[in-house]
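**Q** for reference, the sequence and a predicted model appear below.
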Amino acid sequence: MQYTHLGRSGLKVSRLCLGTMNFGPQTEEADAHAIMDSALDSGINFFDTANVYGGTGHRGWTEEILGRWFAQGGERRERTVLATKLYGTMTDRPNESKLSALNIRRALDASLKRLQTDYIDVYQFHHIDRDTPWDEIWQAIEVAVQQGKILYSGSSNFAGWHIAQAQEAARRRNYTGLVSEQSIYNLFRREVELEVIPSAQQYGLGLIPWSPLQGGLLGGVLKKQEQGVRRTEGRALETLKKHQDQIQQYEDFADELGHAPGDVALAWLLHQPAVTAPIVGPRTQEQLDAAIRALDVTLDADALKRLDDIFPGHRTAPEDYSW
């Protein structure tokens, strides 16, 4: 396993992050525990979850599954860099969502209880809260740090200017601020190259891409359909029909490289200088094994250029659309 620092922090994390969103709704608890054990054994030490994971009928379910896994001992908690998130609505009560000081305190304590731990390594804001001032947010986070309940703060789904706003507010308070940003980023979805990545690099945030395979569209979807092992429906089917020629070019090029399409998509992210660790969210052990293979895929300059030709990216704003 390869390791790197999370942004400008001294925290070392694996180059793959285990996403747990499927644990509970898609993956039974025993299988989830086996996947987490396997991840640790392979060297993946970075696990990501959120307080809302588990579905509308059982928010918090995924954190509970992780908590029972930690409770088994074997230094599972000590070997894991644990990241969770808050923002989403947990109940219909008015103060149980977003980033108010009250919700930060209550949501953090609730996550700690579900996770059966006394601290969170990276506590992340799942979305920007336009209604709460940054001084209030940072004051609440500073208290949590002083209490020993969290160590680092991260963001998710922020725009570039939100990162700048957060970091400048933290700077005024002589506080570290954010050390990471989670954004959707893959060969299909490269909008973060406009402003989010430049902002993250300017302020020393590690980028943690979610949906690295764009819901499976970069995982060999056409070949799987031909083999009858996958059926695409809904919005994904519409996207597939619209971009079928592009996806076919991509899968053909992966064949030329001698790698599975999903391995190439993850390897491409790992070759991007701003990326710390793509989030892989396996439902099965086989999917985890496939993700780990990507660490051994090397893409040379010609391969990276070919991928850019198939999936054009963005230059930094404003040069992308102006002079």
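**A** Yep, it's here.
**Q** need the strands for the stretch 51-200 of the chain, in chain order.
**A** 81-86, 120-125, 150-156, 178-184 (DSSP state E, counting those that start in this stretch).
**Q** of all those strands, which lies closest to residue 25?
**A** strand 81-86 (16.6 Å; C-beta to C-beta). Where C-beta positions appear, they are placed from N, C-alpha and C, glycine not excepted.
**Q** so what does that closest one touch, helix or strand wise?
**A** Helices and strands touching strand 81-86, by 3 or more C-beta pairs under 8 Å, 6 or more residues apart in numbering; DSSP states H and E, are strand 46-48, helix 101-115, strand 120-125.
**Q** and the last one, which strands flank it?
**A** It stands for strand 120-125. strand 81-86 (parallel), strand 150-156 (parallel) (DSSP bridges).
**Q** okay if I get the helices and strands packed on strand 81-86 as JSON lines plus mean neighbour count?
**A** Shown next, in JSON lines, are the helices and strands packed on strand 81-86 (neighbours: other C-beta atoms under 10 Å):
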{"stretch": "strand 46-48", "mean neighbour count": "26"}
{"stretch": "helix 101-115", "mean neighbour count": "19"}
{"stretch": "strand 120-125", "mean neighbour count": "24"}
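**Q** can you list the ones you listed in JSON lines and add mean pLDDT?
**A** Below are the helices and strands packed on strand 81-86 laid out as JSON lines (pLDDT from 0 to 100):
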{"stretch": "strand 46-48", "mean pLDDT": "98"}
{"stretch": "helix 101-115", "mean pLDDT": "98"}
{"stretch": "strand 120-125", "mean pLDDT": "98"}
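**Q** wait, which of the ones you listed is closest to residue 146?
**A** Across these, closest to residue 146 is helix 101-115 (C-beta to C-beta), at 12.6 Å.
**Q** can you list contacts of that closest one?
**A** 49, 51, 60, 63-64, 66-67, 70, 82, 84, 86, 90, 95-97, 118-120, 123, 136-137, 139-141, 143-144, 149-150 (C-beta atoms under 8 Å, 6 or more residues apart in numbering).
**Q** no more questions from me, cheers.
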